[in-house]
Each structure stands twice: as C-alpha cells, then as structure tokens.
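> Based on what follows, work out the 3D shape:
(chains A and B)
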Amino acid sequence: ETGVTQTPRHLVMGMTNKKSLKCEQHLGHNAMYWYKQSAKKPLELMFVYSLEERVENNSVPSRFSPECPNSSHLFLHLHTLQPEDSALYLCASSQDWGGTGLGTDTQYFGPGTRLTVL
Amino acid sequence: SQELEQSPQSLIVQEGKNLTINCTSSKTLYGLYWYKQKYGEGLIFLMMLQKGGEEKSHEKITAKLDEKKQQSSLHITASQPSHAGIYLCGAYQSNQGGKLIFGQGTELSVKP
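You can find the predicted model right below:
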C-alpha cells in the first residue's frame, strides 16, 4: 500500500453507537490530520498530530476523540454522534507540520470515510 | 483570521476550451496549495506555490501566484472530461506553524 489509506470507506451508525475511523500513512511523515468535509462548506480542520503529540484541537466536540499511537497511524473514535455529524472525514499527512514554506508541509490526503449518522 | 475566496464557485465548459479559477486571500499567503477532488473522494495534490510571481505547470494545468502573494490563479488549457472535479486552494495562515485553511472549492464540469 502506498500513500494514505483510510478504513472503512463508508460507515452508517446510530446515535448511541461507538465506532472508530482508522488512517494509515506509508510516507514516513511526521504529522497527521483529521478534517471534516460537509456539503457546501469548506474543509474544517479537526485535529493535528505532530510527532505523535496533539498540536491542534480546533474546538471539536468531545464526542470525537483522536488517538495517534505512532507516527503511521491515526484513529478517530466516535461516540454518541448527532445526525449533523454526517460528513466525509478525511485524513492527511505531511512531512512536517505548519507553514514551513519549504514544501515539507504539503499535505497528502486519504480517500476519506463517508459517515452517516441515523 | 485569513479567508480564501475562490471564483467562480462552479464552471461548465465545452471540451477543448481553456478556463481559469481564482483564489484570493485576505492576507499574505505563506505557501499556496492547489488540490483536485473527485466527488466524495480524497484530495489530490496538484502543486504548491511559494514565491511571489512563481508559476508552475503540471500537464495542461498551470498555476501562478501574484507578486503581492495574495492571489493565485489556476489555468487549464484545452480542457478534457478528466479535468472535471472540484478544485480547492489552501494556504497556511503564517510561516510559523498553524493550520492550512481552504477555499470553498470550484466545481468544474467539462462537456464532451
């Protein structure tokens, strides 16, 4: 596998369920990201991990819980979600985090998980 | 906070025609990134511009960053159905960390 992979690609869950999204990057990058993409809205950054440490938490509700066990894997744990949380969840990685201006902060995205909350 | 405004929001062109998409920032851009997204899928990195006046090309797609580093344009020459999708510009808010913000996207359709 190359690049950034995400599983599952599609997920339907009830509001009382607990599920997890998984992201894996095969690029040797140090930073990983979770984004939410809702219809007709710009991409929203949720979390950033750099060297396995969370460096950005963009006012995300606690029903979303990220986990970064190592530099290659990123999880998003979901519990008691709301229907408005239905969206495309995208994972990305980059060599370095932040506006380095060197191109090493270029983010590469996975294919996304389409989440539907009933 | 910085905002990125893309224009037009959507575009329908005949195959073979040229087109331009613009991305305008309210503040100085520290690296401008262009991505393409097929509906419901991930973003594909196209190119990154950093220096004012810089221009880069990838196949039939050319992107430029103006001298003042507050606007970028993406130009597609002789469009093909494979160019269809959503084009997004993204930029960092500073050169000292921070998040990558995105424009709202431009949806391109190419009629055969």
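> Would you tell me which residues of chain B are close to chain A?
B:4, B:30-31, B:33, B:35, B:40-45, B:48, B:50, B:88, B:90, B:92-105 (Cβ under 8 Å from any Cβ of the partner chain). For every residue, glycine as well, the C-beta is placed using N, CA and C.
> Just the buried residues from those, in ChimeraX please.
Applying 16 or more other Cβ atoms under 10 Å in any protein chain shown to the residues of chain B next to chain A, the buried members can be selected in ChimeraX as follows:
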select /B:4,30,31,33,35,41,42,43,45,48,50,88,90,92,93,95,97,98,99,100,101,102,103,104,105
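> Show me the residues of chain B next to chain A that map onto strands.
Judged by DSSP state E, strands contain the following of the residues of chain B next to chain A: B:4, B:30-31, B:33, B:35, B:43-45, B:48, B:88, B:90, B:92, B:100-102.
> which one among those residues gets closest to residue A:38?
residue B:102 (12.6 Å; Cβ to Cβ).
> wait, what's in contact with residue 111?
By default, I'm working from chain A. A:5-6, A:9, B:41-42 (Cβ atoms under 8 Å, 6 or more residues apart in numbering or on different chains).
> ah, I was thinking of chain B
Neighbours of residue B:111 in contact, by Cβ under 8 Å, 6+ apart: B:12-15.
> Any idea what it is bridged to?
residue B:14 (DSSP bridges).
> Tell me the pLDDT of it.
At residue B:111, the model reports a pLDDT of 95.
> What distance do you get for it to chain A?
23 Å (Cβ to the nearest Cβ, to the nearest Å).
> now do residue B:11
16 Å.
> Not including adjacent chain positions, what is the nearest residue to that residue?
residue B:108 (5.1 Å; Cβ to Cβ, 6 or more residues apart in numbering or on different chains).
> quick one: the one you found and residue B:84 touch, right?
Yes: counting by Cβ atoms under 8 Å, residue B:108 touches residue B:84, with 5.7 Å between them.
> Run me through the strand neighbours of the helix or strand bottoming out on mean pLDDT in chain B, direction for each.
Across the helices and strands of chain B, mean confidence by mean pLDDT, DSSP states H and E is lowest for strand B:100-102: a mean of 88. Strands adjacent to strand B:100-102 in the sheet, as given by DSSP bridges, are strand B:85-92 (antiparallel).
> what angle sits between the strand it pairs with and strand B:43-49?
50 degrees (axes from the mean of the first three to the mean of the last three Cα atoms, to 10 degrees).
> Please tell me how far strand B:85-92 is from the chain's geometric centre.
Offset of strand B:85-92 from its chain centre (Cα atoms, centre = their mean, to the nearest Å): 5 Å.
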